[in-house]
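Provided below are the primary sequence and the corresponding predicted coordinates.
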Amino acid sequence: MNLLSLRRLNLLIGSVLVGLLVACALIGQFFTPYKPIDVDLFARYAAPSAQHWFGTDEFGRDVFSRIVAGAGVSMTVSICSVLFALLAGTVIGTVSGFFGGWLDRIVMVFIDALMAFPGLLLALGIMVVLGPSKWGVVLALGLAYTPSVTRIARGGALTLRQRDFVVASQTMGNSSMWTLCRHVLPNSMAPLLVFSTSLFGSALLAESALSFLGLGVPPPSPTWGGMLADSRTAIDHAIWLVIFPGASISLALLGINLFGDGVRDLLDPRMKGVSV
Amino acid sequence: MLSYILKRLAMSVPTVLIVAMLVFGMIRAIPGDPAALMLGDVHDPVLLQQMRHAFGLDQSIPEQFLLWVTHLLHGDWGMSVVRHQPVLDLIREAFPVTAQIVLCATFVACVIAIPAGLFAAWAQNRRTDLVIVFTTIVLVSIPSFWGGILLIWLFGVKLQWLPTFGFQSFSQVGWSSIRYFILPVIAIAMSEIAVVTRMMRASSIEVLRLEYIAHARAKGLSERRVLLRHTLPNAFGPALTVIGLVLGHLLAGGAVIETVFTLPGMGRLLVESIYARDYPVVQGCLLVIALIYVLINLTVDLLYPIFDPRLKL
């Protein structure tokens, strides 16, 4: 099999998995076979069957329903935090790179210091301040990812501000704001969008990790990470509680990674025509 | 060369300062009076005032920060509110556990990933390469905490070959401690292998396209020598950067894997202290992890010119 068709296959599998994830997240908001928080003490630890496709947990809650509903929670948190980081990072980075000078220097010292915190650690620290809540996680992850977006946006603005069409726009007497929005931003968006697909995967993983630690979206909201954390006490007699939430996270990540790689290959000009 | 080292060292001074300010600010940003939090259920205005004075809370914020930094430098990192032990002692106990696991995992990952990435690049677009690339995508999609639980289930519960929790230090019990290492190390090495292999492959592909490689081949050198002597040293730089990043992330992400395997490391200490609202310990852990991360990045940057002579200044 040659690599071109394999790349297309990757993009296809990625798109299908991401599509499935989005469909679950949307449908799960309105319809699940059981209510994700409905307790049924007569059906505790029921193995997967026709009634409960993925079995039930220690309170008799339907695992399939909880996973479908959990997709919504994960997607909301990941999408919102990536959008937050993308928005904040692009504005700060572009302005700082475009205008340069002391503003740029101060911003970069702060960004470098923030980059000294590994993403998950920064998010943990922010969660300590905010306390566990859904929007707390969004803010924590958003803030944690803002520095890296800022760096990329700044890099783009730095190279763009010396390009002829940008200089021309300023020479023509256009305001800096106009030049920034009309000429710099559109041209620095491609790498940022590519980066945000990989950021989306990181956000989903970090969200699960935070819920796994009990510092993410608090119960009773069903989260994949929280379900995995609960499964550990039942590991010797209810392995389905381990398998299905974990497989959901993995398949979601796999889909996002394949999709992201595919999109990068399509968009990144350096990859075009190389070795295919 | 010396000026490069000095410049890089000077660059990390503001970083360390701001890291300290952020950690300090983070804890101060928590709603509520730290002194009242430490007193817990005791409601005694006189005692509260004494506490506030003892911690310097009646001074201005910049003064408090300076006081805090002075105490830090004198080795006074505060007392754990819950465990009633000095924070520095707790960190000193927990850090070696995390360090041993993380260093082991990084070593295992490098031993597997560097040859794998190099080989994949050499065999680019052939079947072996496709298998390696696909494996890395799958590995990177398995969260370490899920992989860890599955390993516990397989080797601990089903086969009962290995212990599923707890830890014995290598320095104390020697080789028999390996039984406690194996599962956590595999669990965290998996994603690390994937990341390093991908970076190694990408940088090797770039190097293999350069003219001096064609020249080396034209000289009639064996492929083995071309790869080991000419490709590896030049492709290793970017991989080193990634290894540094991964190392830092592992030290920070230790929280997750140490929770899975109930290891008494830094991450576990941090998370348990967050649960218990033991803020002096939280502050200490955040600071230590961030400083180590700064140190690792610094080391990588200082090592970089060795592997990329073009950077020699």
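All right, it came through fine.

Walk me through the domains of chain B.
Listed domain ranges for chain B are B:2-60, B:94-307 (source: automatic domain parsing).

any idea which of these scores lowest on pLDDT?
Among the domains of chain B, domain B:2-60 carries the lowest mean pLDDT, at a mean of 76.

Compute the first-to-last residue distance for that domain.
41 Å (Cα to Cα, to the nearest Å).

Is that domain in proximity to chain A?
Yes. Counting by Cβ under 8 Å from any Cβ of the partner chain, chain A is contacted by domain B:2-60 at B:14-15, B:17-19, B:22-23, B:26-27, B:29-30. All C-beta atoms are positioned from the backbone trio N, CA, C, and that covers glycine.

Could you give the number of residues near residue B:240?
Here the number of neighbours of residue B:240 (other Cβ atoms under 10 Å in any protein chain shown) works out to 22.

In this structure it contacts residue B:299, no?
No. Applying Cβ atoms under 8 Å as the test, residue B:240 and residue B:299 come out as separate, 9.8 Å apart.

Neighbours of the residue nearest to residue B:16 when sequence neighbours are not counted, how many?
In space, and not counting its chain neighbours, residue B:16 is closest to residue B:294: 6.1 Å by Cβ to Cβ, 6 or more residues apart in numbering or on different chains. Other residues lying near residue B:294 total 20 when counted by other Cβ under 10 Å.

What residues sit buried inside the strand or helix carrying residue B:294?
Assigned by DSSP states H and E, residue B:294 belongs to helix B:279-307. Residues B:279-294, B:296-298, B:300-301, B:304-305, B:307 are the ones in helix B:279-307 that count as buried (16 or more other Cβ atoms under 10 Å in any protein chain shown).

what's it packed up against?
helix A:119-130, helix B:2-28, helix B:87-122, helix B:232-260, helix B:266-275 (3 or more Cβ pairs under 8 Å, 6 or more residues apart in numbering or on different chains; DSSP states H and E).

Could you report the neighbour count for residue 79?
Just so you know, I chose chain A. Neighbour tally, residue A:79, other Cβ under 10 Å: 16.

my bad, chain B
Neighbours of residue B:79 (other Cβ under 10 Å): 18.

Tell me the spacing between it and residue B:89.
Applying Cβ to Cβ, to the nearest Å, the value for residue B:79 to residue B:89 is 10 Å.

how far away is the residue nearest to residue A:27 when sequence neighbours are not counted from chain B?
Among residues not flanking residue A:27 along the chain, residue A:68 sits closest, at 6.9 Å (Cβ to Cβ, 6+ apart). Residue A:68 is 18 Å from chain B, where distance means Cβ to the nearest Cβ, to the nearest Å.

Show the contacting residues for residue A:68.
The contact partners of residue A:68, taken as Cβ atoms under 8 Å, 6 or more residues apart in numbering or on different chains, are A:24, A:27-28, A:32, A:36.

Of those, which is the nearest to chain B?
residue A:24 (17.0 Å; Cβ to the nearest Cβ).

Tell me, what's the model's pLDDT at that closest one?
At residue A:24, the pLDDT value in this model is 86.

Please identify the helix or strand for it.
helix A:3-30.

Minimum distance to residue A:14: which of the helices and strands packed on helix B:279-307 has it?
Smallest distance to residue A:14 across those (Cβ to Cβ): 20.3 Å, for helix B:87-122.

Ignoring the adjacent residues along the chain, who's closest to the most centrally placed residue in chain A?
Centroid-nearest residue in chain A, with Cα atoms, centre = their mean: residue A:200, separated by 2.3 Å. Among residues not flanking residue A:200 along the chain, residue A:82 sits closest, at 5.1 Å (Cβ to Cβ, 6+ apart).

what's the neighbour count on the one you found?
Residue A:82 has 25 nearby residues by other Cβ under 10 Å.

got the residues of the stretch 201-313 of chain B near chain A?
Residues of the stretch 201-313 of chain B lying near chain A (Cβ under 8 Å from any Cβ): B:205, B:248-249, B:251-253, B:255-256, B:259-260, B:270-271, B:274-275, B:279, B:282, B:286, B:289-290, B:293-294, B:297.

ok so, going back, the residue nearest to residue A:27 belongs to a strand?
No. Using DSSP: H, G, I helix; E, B strand; the rest coil, the assignment for residue A:68 is helix, not a strand.

Could you check the pLDDT of it?
87.

ok, now the one 4 residues further on?
What the model reports as pLDDT for residue A:72 is 88.

Surely it touches residue A:31?
No. Between residue A:72 and residue A:31 there is no contact, the gap being 11.4 Å when judged by Cβ under 8 Å.

Which one's more surrounded, these two?
Set residue A:72 next to residue A:31 and count neighbours by other Cβ under 10 Å: residue A:72 wins out with 21 against 10.

out of the residues of domain B:2-60 next to chain A, what pair is the most spread apart?
B:14 and B:30 (25.3 Å).

higher neighbour count, the two?
A direct count of neighbours by other Cβ under 10 Å for residue B:14 and residue B:30 places residue B:30 higher, at 16 against 13.

Could you find the closest non-adjacent residue to the more buried one?
Looking at residue B:30 with Cβ to Cβ, 6+ apart, the closest residue is residue A:129, at 5.4 Å.

check contacts around that neighbour.
B:26, B:29-30.

would you turn these into TSV with distance to residue B:48?
Shown next, in TSV, are those (distance: Cβ to Cβ, whole Å):
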residue	distance to residue B:48
B:26	23
B:29	21
B:30	17
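
circling back to that earlier point, quick one: the residue nearest to residue A:27 and residue A:227, what's the gap?
Taking Cβ to Cβ, one finds residue A:68 at 12 Å from residue A:227.

Residue A:26 too?
Counting by Cβ to Cβ, the gap from residue A:26 to residue A:227 is 20 Å.

Pick out whichever of those two has more residues nearby.
Set residue A:26 next to residue A:227 and count neighbours by other Cβ under 10 Å: residue A:227 wins out with 26 against 13.

Need the nearest residue in space to residue A:38, chain neighbours excluded.
The shortest distance from residue A:38 to any non-neighbouring residue, by Cβ to Cβ, 6+ apart, is to residue A:61 (6.4 Å).

hmm, I was thinking of residue A:16
residue A:255 (7.4 Å).

Contact partners for that neighbour?
A:13-18, A:20-21.

how about it, secondary structure?
helix.

State the pLDDT value of it.
92.

just the one 5 residues further on next, same as before
Residue A:260 carries a pLDDT value of 83.

same thing with residue A:103?
pLDDT, residue A:103: 88.

May I have the secondary structure class of the residue nearest to it when sequence neighbours are not counted?
Closest residue to residue A:103 in three dimensions, ignoring its sequence neighbours and counting by Cβ to Cβ, 6+ apart: residue A:96, at 6.1 Å. Secondary structure state of residue A:96, per three-state DSSP, is helix.

Kindly tell me how buried residue A:80 is, as a neighbour count.
Residue A:80: 18 neighbours (other Cβ under 10 Å).

Helix or strand: which one has whatever residue of the stretch 151-276 of chain A ends up closest to chain B?
Among the residues of the stretch 151-276 of chain A, residue A:246 lies closest to chain B, at 3.4 Å counting by Cβ to the nearest Cβ. If you go by DSSP H and E, residue A:246 is part of helix A:240-267.
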